[in-house]
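K.L.:
the following comprises the amino acid sequence and a computationally predicted model.
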Amino acid sequence: MKVERVSRTQSVVNGLLDEIIAGRLVAGETLPAEADLAALLGVSRLTLREGVRLLQAQGVIVAVPGSRHRVAPVDEWTGLEAVVQFARSGGARRRSSLDLIDMRVMFETGAAELAAPRCTDEHIAQLESMLALMRAAHDNGDVPGFVEADLAFHDVIFAAADNRILVASVRPLTTMLQDSRTETSSVRDIREHAIAEHAAVLEAMRTRSADAAREAMASHMRQTRDDLLHYVLGE
């Protein structure tokens, strides 16, 4: 029963976010009456309240004393889950794609810098294996396989960085990263560029030089941004 309640509560969170993202619930305006919202989402009032409390904790919904709650502007949201769901919506596609690249520049260049002097021979072997899988998937036109190997390559670097806070910070973005990689990796030229950049990152990791690894990853991120703008966003 507890599992079902959690699932229903999450469905309220997702449903309310969907309504907000679609513009049917507007930032700055008060929420509809509790009974109406519960009927819209097909849940009890108790479950609705639980979902609303979760969204309050993420800054999406703001309590207004003596009145119904209101929806907060997206810029005021503090919960990563809510921000990511908004970012994955069609209306925010360009902004969220570029925001994601900016975030990756900060996280991944730093991770490479940390990882290079700390990585073991096993980490290098894993990177070699992932790069080989990327090449094989590219040759076979296997986009899901390419994306899986690409993500795994970067996971090895995060693991080699040996920083639990860094790993925990990136983990919530996994779904968004996978969606983004699937979109870009569907383009053959982008896959070819990615293979070349990953090979350069691997060579930098072999040197165990923090500076070389950081620069190689920065080059990869620049190429990723350029490819996104040119091939995907059409700029």
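P.N.:
Perfect, I can see it now.
K.L.:
three-state assignment of the residue lying farthest from the centre of the chain?
P.N.:
In terms of distance from the mean C-alpha position of the chain, residue 66 ranks first, at 37.3 Å (Cα atoms, centre = their mean). Secondary structure state of residue 66, per DSSP: H, G, I helix; E, B strand; the rest coil, is coil.
K.L.:
if you count neighbours, what's buried in the longest helix anywhere in the chain?
P.N.:
Longest among the helix segments of the chain by residue count, using DSSP state H, is helix 93-118. Under the neighbour-count criterion of 16 or more other Cβ atoms under 10 Å, helix 93-118 has 96-97, 100-101, 104-105, 107-109, 111-116 buried. Any C-beta I mention is one placed from the backbone N, CA and C, and that applies to glycine too.
K.L.:
quick revisit: and the residue farthest from the centre of the chain, its phi and psi?
P.N.:
Main-chain dihedrals, residue 66, degrees, to the nearest 10: phi 80, psi 10.
K.L.:
what is the rounded mean pLDDT of stretch 121-139?
P.N.:
Confidence over stretch 121-139 (mean pLDDT, whole number) is 98.
K.L.:
centre of the chain to that stretch, how far?
P.N.:
Centroid separation for stretch 121-139 versus its chain: 23 Å, with Cα atoms, centre = their mean, to the nearest Å.
K.L.:
next structured bit after the longest helix of the chain?
P.N.:
Note on helix 93-118: by DSSP states H and E, the next helix or strand toward the C-terminus is helix 121-139.
K.L.:
for the helix or strand following that next one, which outside residues touch it?
P.N.:
With elements assigned by DSSP H and E, the helix or strand that comes after helix 121-139 is helix 143-161. The set of residues that contact helix 143-161 without belonging to it, under Cβ atoms under 8 Å, 6 or more residues apart in numbering, is 108, 110-112, 114-116, 118-120, 123, 126-127, 130-131, 133-134, 136-138, 166-167, 170, 174, 177-178, 181-182, 185-186, 191, 194, 198, 201, 205, 217.
K.L.:
just the buried ones from those residues, in PyMOL syntax?
P.N.:
In PyMOL, a selection of the buried entries from those looks like this (16+ other Cβ under 10 Å):
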select buried, resi 108+111+112+114+115+116+119+123+126+127+130+131+133+134+137+138+166+170+177+181+185+191+194+198+201+205+217
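K.L.:
residue contacts, residue 177?
P.N.:
Residues in contact with residue 177 (Cβ under 8 Å, 6+ apart) are 100, 151.
K.L.:
quick one: contacts for residue 87?
P.N.:
95, 96, 99, 100, 176.
K.L.:
report the two of the residues you listed separated the most.
P.N.:
Pairwise distances across the contacts of residue 87 (Cβ to Cβ) peak at 13.0 Å, for the pair 95 and 176.
K.L.:
please state the offset of stretch 114-131 from the chain centre?
P.N.:
Between the centre of stretch 114-131 and the centre of its chain there are 23 Å (Cα atoms, centre = their mean).
K.L.:
re earlier: so which of the buried residues of helix 93-118 comes closest to residue 233?
P.N.:
residue 97 (6.8 Å).
K.L.:
might one say that the closest one is in contact with residue 231?
P.N.:
No. Between residue 97 and residue 231 there is no contact, the gap being 11.8 Å when judged by Cβ atoms under 8 Å.
K.L.:
and the residue lying closest to residue 27 once chain neighbours are set aside, how many neighbours?
P.N.:
In space, and not counting its chain neighbours, residue 27 is closest to residue 73: 4.5 Å by Cβ to Cβ, 6 or more residues apart in numbering. Counted with other Cβ atoms under 10 Å, the neighbours of residue 73 add up to 12.
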